[in-house]
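Novice: Using only what follows, build the 3D model:
(one chain, ligands or ions: 1)
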Amino acid sequence: MFENLKTQPVDKIMQLMQMHREDPREGKIDLGVGVYKNAKGVTPVMKAVKEAERQLLETQETKAYVGLLGDPAYHDAMIDLVLKGAVARDQVAAAATPGGTGACRQAFELIRMANPNARIFTSNPTWPNHLSIIDYLGIERVTYRYFDEETRAVDFDGMMADLDGLKAGDVVLLHGCCHNPTGANLNLTEWQQVIDKLNAKGALPMIDLAYQGFGDGLNEDAAATRLVAASCPETLIAASCSKNFGVYRERTGILMGVSADKGKVAVTQENLSFLNRQNYSFPPDHGARVVTMILTDPALRKMWEDELEETRLGMLKLREQLAGELQKLSGSDQFGFVAQHRGMFSRLGLPADVVEKLRVENGIYMVGDSRINVAGLNAETVPALAKAIVDTGV
Ligand code: LMR
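Specialist: Residues are numbered from 1 along each chain as shown. Model (predicted):
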């Protein structure tokens, strides 16, 4: 049987991670995978997470199964973090999932179950794994324009024109904040126009919220998601705790199905439970429990919010430093967008051969589409990156 298996396409981000790991050079710079690193290049366990884990170790008395949907206290805490009263609690069905990827996967499966004819509209570009999972599930996919390669900002007119092609029942996948891979985001006025378009077309928004707190702030980064949830008849939200709690390997995520019609919540919940049972039975609990403890304990929450804010401001500072260095060395404002983008990523707009050259000659690793993870930089490596980029003559 195994001889029938075909080689699968490589995931470029995972491949880059491996290449960086195997590169013996001292001064190599990893701007690839979206993992936060502090100035020492370490992905730290956040202080509040450490403390919650310590408490958990002391107090937890069982590892028995929790429930197919995870712990209801986790749902409540996460629904409050993401939606903060934008809709009533009883409008939201929720399931804990293994990370944000698990939430996306369950959302796509739910869409397919509910409407086999639904097409999913994805931004060009988007996180490559969105495309891979949608294709794997055999769901029809349509691309909408999103990023203007010239201005490195959102091509909003192009986006709206492409959303004109929506049919009732289609789904539009949107990044709630900190667009991956571009770093370019809609403002709230534009979000409102997207909402109006979706509602006029009878299409459903699905929001991937993987970086809440990494862009403009915890509440600011959820503002669009809250607006959508409060304005559309139905919304799917796939949220991740990997980045903002730094619990990457604990696989901590949640899928929410918001309905204006409360009568639909029970059946949505039941289907989420069914899907969890089919795919992995019980979702992982450790990360979810730690997150719940942090969100519901005022002291832990403050510790977490403070550290997250420090992380966010650190990334902003690196953005400003990089934009400044590039300005200084190139004598042009062509990279000014780096300071405008938000979140971990920016797509620099460098040609593939330049990206390759930077890797081979300078040991600088960025994704092939020239996406950089800003958090992979520090005050010392920013000038080196800027110099290497400008030296390529772009
Ligand atoms: C990324 O885009 O680098 C992250 O979301 C990590 C991943 O799983 O690809």
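Novice: Now do the same for the closest residue to the ligand within the chain: its pLDDT.
Specialist: Among all residues of the chain, residue 34 sits closest to the ligand, at 3.1 Å; criterion: C-beta to the nearest ligand atom. For the C-beta atoms, the positions are set from N, CA and C on the backbone; glycine is no exception. Looking at residue 34, its pLDDT reads 92.
Novice: what number of residues lie near it?
Specialist: As a burial measure, residue 34 scores 23 neighbours (other C-beta atoms under 10 Å).
Novice: can you give me the helices for the stretch 51-200 of the chain?
Specialist: Taking DSSP state H, counting those that start in this stretch as the test, the helices found in the stretch 51-200 of the chain are 72-83, 99-114, 128-136, 156-163, 188-201.
Novice: what's around residue 38, how many residues?
Specialist: 13.
Novice: so it touches residue 45, yeah?
Specialist: No. Between residue 38 and residue 45 there is no contact under C-beta atoms under 8 Å: 11.3 Å.
Novice: picking up where we left off before, most tightly surrounded among the helices of the stretch 51-200 of the chain?
Specialist: Most buried of the helices of the stretch 51-200 of the chain, by mean neighbour count (mean count of other C-beta atoms under 10 Å): helix 99-114, with a mean of 22.
Novice: Quick check: the gap between residue 182 and residue 12.
Specialist: 15 Å (C-beta to C-beta, to the nearest Å).
Novice: Was I right to think residue 275 contacts residue 103?
Specialist: No. The pair residue 275 and residue 103 fails to qualify as a contact (C-beta under 8 Å) at a distance of 10.9 Å.
Novice: Mind checking the pLDDT average for stretch 195-204?
Specialist: 98.
Novice: What sits closest to residue 13 if chain neighbours are left out?
Specialist: residue 33 (5.4 Å; C-beta to C-beta, 6 or more residues apart in numbering).
Novice: Tell me which helix or strand the one you found sits in.
Specialist: Using DSSP states H and E, residue 33 maps to neither a helix nor a strand.
Novice: Surely residue 255 forms part of a helix?
Specialist: No. Read with DSSP: H, G, I helix; E, B strand; the rest coil, residue 255 is strand and lies in no helix.
Novice: How many residues are close by it?
Specialist: 29.
Novice: quick one: the strands in the chain?
Specialist: In the chain, the strands defined using DSSP state E lie at 29-30, 92-97, 120-124, 141-145, 147-148, 153-154, 171-175, 204-209, 234-240, 253-259, 345-347, 364-365, 371-373.
Novice: could those go into TSV alongside distance to residue 77?
Specialist: Shown next, in TSV, are those (distance: least, C-beta to C-beta, whole Å):
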stretch	distance to residue 77
strand 29-30	32
strand 92-97	11
strand 120-124	29
strand 141-145	33
strand 147-148	34
strand 153-154	32
strand 171-175	23
strand 204-209	15
strand 234-240	11
strand 253-259	10
strand 345-347	27
strand 364-365	36
strand 371-373	28
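Novice: Format these as JSON lines; extra columns: distance to the ligand.
Specialist: What follows is the strands of the chain, written out as JSON lines (distance: least, C-beta to the nearest ligand atom, whole Å):
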{"stretch": "strand 29-30", "distance to the ligand": "11"}
{"stretch": "strand 92-97", "distance to the ligand": "14"}
{"stretch": "strand 120-124", "distance to the ligand": "14"}
{"stretch": "strand 141-145", "distance to the ligand": "18"}
{"stretch": "strand 147-148", "distance to the ligand": "15"}
{"stretch": "strand 153-154", "distance to the ligand": "19"}
{"stretch": "strand 171-175", "distance to the ligand": "11"}
{"stretch": "strand 204-209", "distance to the ligand": "10"}
{"stretch": "strand 234-240", "distance to the ligand": "8"}
{"stretch": "strand 253-259", "distance to the ligand": "12"}
{"stretch": "strand 345-347", "distance to the ligand": "7"}
{"stretch": "strand 364-365", "distance to the ligand": "12"}
{"stretch": "strand 371-373", "distance to the ligand": "7"}
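Novice: now residue 336, nearest residue through space, not along the chain?
Specialist: Nearest residue to residue 336 in three dimensions, chain neighbours excluded: residue 323, at 5.8 Å (C-beta to C-beta, 6+ apart).
Novice: Hmm, residue 352 is touching residue 368, no?
Specialist: Yes. Judged on C-beta under 8 Å, residue 352 makes contact with residue 368 at a distance of 5.8 Å.
Novice: Compare these two and say which one has the larger neighbour count.
Specialist: residue 368 (15 against 10).
Novice: what's the nearest residue to residue 123 if we skip its chain neighbours?
Specialist: In space, residue 123 is closest to residue 146, 3.7 Å off (C-beta to C-beta, 6+ apart).
Novice: is it true that that neighbour touches residue 182?
Specialist: Yes. Between residue 146 and residue 182 there is a contact at 7.2 Å, judged by C-beta under 8 Å.
Novice: Common neighbours of these two, please.
Specialist: residue 125 (C-beta atoms under 8 Å, 6 or more residues apart in numbering).
Novice: of those two, who's got more company?
Specialist: Shown here are residue 146 and residue 182; by other C-beta under 10 Å, residue 182 has more neighbours (28 against 22).
Novice: ok, the more buried one - contacts?
Specialist: Applying C-beta under 8 Å, 6+ apart, the residues contacting residue 182 are 125, 146, 147, 152, 341, 345, 346, 347, 371.
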